[in-house]
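**Q** sharing a model prediction with you, sequence too.
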Amino acid sequence: MEGPNQRIELTLDAIDERLDRALTAAVPELSRMQWQRLIREGLVTVDGERARPSYRIQGGETLVALVPEVVEASVQPEDIALDVRYEDSDLIVVNKPAGMVVHPSLGHDGGTLVNALLAHCPDLGGVGGERRPGIVHRLDKDTSGLIIAAKHDQALWYLQNQFKQRTVTKRYLALVNGALQPPEALIDAPIGRDPRSRQKMAVVATTRGDARPAQTAYRALTYTSDYTYAECHPHTGRKHQIRVHLAYIGFPVVGDHTYGRRKDPLGLKRHFLHAAEITFRRPADDAELHITSELPAELQAVLDGLT
């Protein structure tokens with residue numbers, strides 16, 4: 001979404017949803033306030049007509065948005081507290097909270113993990129690119145848990161190569177809607193851009209040009225009357241992979257308004273997905289590192305309240 005007045009066209013399937021809310025869900029790179037401003041300035045049309053932010057989507061309308069150019073600026077260090085779970089001269093492993101964006105993007109120029117890392121590790125700025133210095137892999141904004149950043153290019157290459165070779169193991173904890181069946185399985189389904197919404201991912205046909213192999217293993221841990229607490233082990237690293245795969249088999253992650261249910265009776269302000277464990281080899285001596293992160297308090301409270 002760069003360049004002067006980039007054109008975004010999509011068809012929303014939301015029913016009886018406010019225009020500004022629907023656009024924020026479909027294109028989360030922009031905040032709801034930013035979408036409201038674009039709508040009021042006439043840069044968003046519904047079936048060719050201007051509309052108000054409060055317009056109710058009926059489903060099937062064609063929306064066109066003209067997003068003005070965003071001028072790239074140098075990423076600045078910000079004194080943001082980090083929950084560091086491991087650190088040496090080559091890398092740092094941070095326990096990222098839900099709500100924190102990993103790297104600056106449209107609508108998120110500050111307050112990101114990268115801003116915080118640049119303050120914590122001043123030499124990180126030249127590693128791997130200005131907008132994503134040192135970032136080895138990614139976590140969605142509302143996914144909490146462990147993420148690795150490299151402190152120099154050699155370490156970045158060493159760690160990224162492990163991800164490419166699929167020797168890094170990751171364990172996520174998720175709460176899903178419904179009684180997960182079968183209790184244990186491997187979801188092997190390619191992922192690409194959702195043809196109905198360019199900002200979403202979906203399971204797509206292997207013949208699609210952007211289809212990439214994706215595998216997620218899962219195992220149910222506990223069942224309640226309406227939910228299943230499960231662990232997930234992604235074998236690949238596609239965007240939104242776990243969320244897309246679980247929704248694809250009919251058991252979306254609780255609180256995931258993009259791929260799951262619009263309304264969550266549990267009242268979560270995030271989705272219930274946490275990167276709890278990661279195992280990889282340390283650049284310095286090839287020794288295996290196993291880092292863990294406990295379930296955040298807000299997720300543990302939801303889990304404790306289920307019967």
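**A** Looks like it arrived, so ask away.

**Q** relative to Pro296, how far out is Ala214?
**A** To Pro296, Ala214 is 26 Å away according to CB to CB, to the nearest Å. The way it works is simple: take the backbone N, C-alpha and C, and place the C-beta from them, glycine included.

**Q** neighbour count: those two, which is higher?
**A** With neighbours defined as other CB atoms under 10 Å, Ala214 and Pro296 compare such that Ala214 has more, 24 against 18.

**Q** next up, phi/psi of the more buried one, please.
**A** When read as degrees, to the nearest 10, the backbone of Ala214 gives phi -150, psi 130.

**Q** how about the residue nearest to the spatial centre of the chain: what's its closest non-neighbour residue?
**A** Residue closest to the average C-alpha location in the chain (CA atoms, centre = their mean): Asp140, at 1.9 Å. What sits nearest to Asp140 in space, not counting adjacent residues and going by CB to CB, 6 or more residues apart in numbering, is His240, at 6.5 Å.

**Q** now do the contacts for the one you found.
**A** Going by CB atoms under 8 Å, 6 or more residues apart in numbering, His240 touches Asp140, Ile191, Lys200, Met201, Thr258, Tyr259.

**Q** what's the helix or strand for the residue nearest to the centre of the chain?
**A** Per DSSP states H and E, Asp140 falls between elements, in no helix or strand.

**Q** how about Arg7?
**A** Per DSSP H and E: strand 6-11 holds Arg7.

**Q** beyond that strand, next helix or strand please.
**A** Counting by DSSP H and E, what follows strand 6-11 is strand 17-18.

**Q** quick one: average confidence on whichever helix or strand comes after that following strand?
**A** Following strand 17-18 in sequence order, the next helix or strand is helix 19-26 (DSSP H and E). Here helix 19-26 scores 82 as its mean pLDDT.

**Q** and the residue nearest to the centre of the chain, how close does it get to Leu306?
**A** 23 Å.

**Q** what is the burial count for Leu175?
**A** Leu175 has 25 nearby residues by other CB under 10 Å.

**Q** other SSEs contacting the helix or strand hosting it?
**A** Secondary structure from DSSP H and E places Leu175 in strand 169-177. When contacts are defined as 3 or more CB pairs under 8 Å, 6 or more residues apart in numbering; DSSP states H and E, strand 169-177 packs onto strand 227-234, helix 241-248, strand 273-281, helix 297-305.

**Q** whatever helix or strand comes next after that strand pairs with which strands?
**A** Counting by DSSP H and E, the next helix or strand C-terminal to strand 169-177 is strand 184-188. Strand 184-188 has the following strand partners under DSSP bridges: strand 215-223 (antiparallel).

**Q** any low-confidence regions in the protein?
**A** 1-5, 13-15, 69-74, 105-108, 125-126, 128-132, 198 (pLDDT under 70).

**Q** can I see the domain layout of it?
**A** Per the record, the chain has its domains at 6-67, 72-165, 171-274+301-305, by automatic domain parsing.

**Q** looking at these, spot the one closest to Leu289.
**A** Leu289 lies closest, by CB to CB, to one member of these: domain 72-165, at 6.6 Å.

**Q** and the closest one, how far out from the chain middle?
**A** When C-alpha coordinates are averaged (CA atoms, centre = their mean, to the nearest Å), domain 72-165 and its chain have centres 14 Å apart.

**Q** that'll do, ta.
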